[in-house]
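[1] pasting the structure only:
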């Protein structure tokens, strides 16, 4: 048998094991007009029912549903299967009768997992609640079923991708302990002969047997999940995660619109690095070159100079950083805002703090169901924040707290990830909050367009916002004086000529202003305590991943 033939044989075997394509075998059987791979001619439905709307009040009512086949099992002349729509699921039953042939039963049982079907049936109330579905007090007695889309063999099972993280961690711990025992016995085995060798080999065999018994669950690693993201996104936890991501974006927009902001859409192809430095993607632009925007920073400010007064943007941000960390992506969704103020940049900071409190309160009050679904797979502690006033500390105060905790933090150098997390832990222990602001960063740690502190030019009118000890937003008062902008650009090794249109926009009268940029995926990751930003990016991009 050739290699290609072997591959095809294995593929068919997997399909049979998982039910993939099995329904096709029944296509030629006499299924009657109520079951089939295709809808009958002239098929039409006036009213569809959602799974989430199924409840005992619909008892004895006939309904049409469209859903995925999550699981199925046969028992005598009955086929039980679970139908799923996003978060919600219901048990359906097909029973052999005068109108349901044996072939129809086999056809239903052979449907592959994740196939999409239309079913018509009677809503009934079972004697006992059904624990394996979200709709626990109803069941559908199916009389008609048609396939909308037949799923091929799955590279991963949804139940494996949905398994609670604590179960997998416990299994990993047990397997590690057994591996350590095996390694210890193998060390003893070296140089042994006779009965002693036989006893040690027997002990190793028993340990291997116990390891097999301890391997209860299939582990779907991150790479497999992301390679098959379409399937991974179907889990209840992921459905809830991206529902909440949508909510964060919606609350961001609503709050700022209510505060008199205008939404803008700035270019993502620009002539120079918007943040300075080397972390920029260069692209060919006709006979010249351009860059993918690291932020909409320059254009937000130009909009303020154009008398928009208060602006925000939701859009892609690109960072050419070779960072293989839990919180960095090469492309993410930026939530940016900019605002003119009258007397002090704290007017803007107060607006930003109110924005975050609005987002956190909105999630807490209205999306407990989604939070519960996520915590079932990825347990996390509830996010704590002060609902009336946000804690603010200065950079100098933060450095003092770190030094008191034993860290060798520098007065005029930015703090790193380890120090950020340590400071977050200190703040949590001292104030019992996960959300706070640190302001007045050193000039050496901020971009060229950041306004220096008029009281001490070693520092700036800038701020970072933290969740669970990690930075999620960086902002500042911007330099709105063109001569000072040119000086600051040169000091940061940026040629002012490449910023000519930006700097010129401040020559015709520019109000003092400030703003910030927020990473949407990072906000969701930290609110939910998910530990990896790839879990909150729909199709993540990092230095090693450009697909799917």
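    On my side now, so go ahead. Being a predicted model, the structure only gives us computed values, none of them experimental. Numbers count the residues shown, from 1 in each chain.
[2] count of residues packed around the residue lying closest to residue 331 once chain neighbours are set aside?
    Nearest residue to residue 331 in three dimensions, chain neighbours excluded: residue 541, at 4.2 Å (C-beta to C-beta, 6 or more residues apart in numbering). Where C-beta positions appear, they are placed from N, C-alpha and C, glycine not excepted. The local packing count at residue 541 equals 17, with neighbours defined by other C-beta atoms under 10 Å.
[3] Pretty sure residue 330 is one of the things residue 541 touches, is it not?
    Yes. In this structure residue 541 lies within contact range of residue 330 using C-beta atoms under 8 Å: 4.8 Å.
[4] which stretches of the stretch 401-548 of the chain form helices?
    417-431, 482-491, 500-504, 520-527 (DSSP state H, counting those that start in this stretch).
[5] Next, the buried residues of the shortest one.
    What it means is helix 500-504. For helix 500-504, burial by neighbour count (16 or more other C-beta atoms under 10 Å) applies to 502-503.
[6] Use 57 as the first number from now on
    Understood, numbering begins at 57; the last thing we discussed is helix 556-560.
[7] Which elements pack onto that helix?
    Counting contacts by 3 or more C-beta pairs under 8 Å, 6 or more residues apart in numbering; DSSP states H and E, helix 556-560 packs against helix 353-361, helix 538-547.
[8] and residue 504, which of the helices of the stretch 457-604 of the chain is closest to it?
    Comparing the helices of the stretch 457-604 of the chain by their distance to residue 504 (C-beta to C-beta), the top pick is helix 538-547, with 4.2 Å.
[9] Show me what that closest one is in contact with.
    504-506, 535, 551-552, 555, 558-560, 562-563 (C-beta atoms under 8 Å, 6 or more residues apart in numbering).
[10] make it 7 Å
    When contacts are defined by C-beta atoms under 7 Å, 6 or more residues apart in numbering, helix 538-547 is touched by residues 504-505, 535, 552, 555, 559, 562-563.
[11] mind checking which of the helices of the stretch 457-604 of the chain is nearest residue 365?
    Set against residue 365 and scored by C-beta to C-beta, these come closest in helix 556-560, at 18.6 Å.
[12] can you pull the buried residues of stretch 91-109?
    The neighbour-count criterion (16+ other C-beta under 10 Å) identifies 91-93, 105, 107 as the buried residues of stretch 91-109.
[13] Looking at those residues, spot the one nearest residue 367.
    When those are compared for distance to residue 367 (C-beta to C-beta), residue 107 wins out at 41.7 Å.
[14] how close does that closest one sit to residue 335?
    46 Å (C-beta to C-beta, to the nearest Å).
[15] got it, and residue 386?
    With distances taken as C-beta to C-beta, residue 386 is found 9 Å from residue 335.
[16] next one: residue 521
    21 Å.
[17] Neighbour count for those two, which is higher?
    Shown here are residue 521 and residue 335; by other C-beta under 10 Å, residue 521 has more neighbours (23 against 15).
[18] Contacts only, for the closest residue to the more buried one other than its chain neighbours.
    Distances taken as C-beta to C-beta, 6+ apart place residue 529 nearest to residue 521, at 4.0 Å, with adjacent residues excluded. By C-beta under 7 Å, 6+ apart, the residues touching residue 529 are 520-521, 572-574.
[19] Generate JSON lines for the residues you listed, with pLDDT and distance to residue 471 as supplementary columns.
    Putting the contacts of residue 529 into JSON lines (pLDDT from 0 to 100; distance: C-beta to C-beta, whole Å) gives the following:
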{"residue": "520", "pLDDT": "97", "distance to residue 471": "9"}
{"residue": "521", "pLDDT": "97", "distance to residue 471": "14"}
{"residue": "572", "pLDDT": "96", "distance to residue 471": "18"}
{"residue": "573", "pLDDT": "95", "distance to residue 471": "19"}
{"residue": "574", "pLDDT": "96", "distance to residue 471": "19"}
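[20] Sweet, I'm off.
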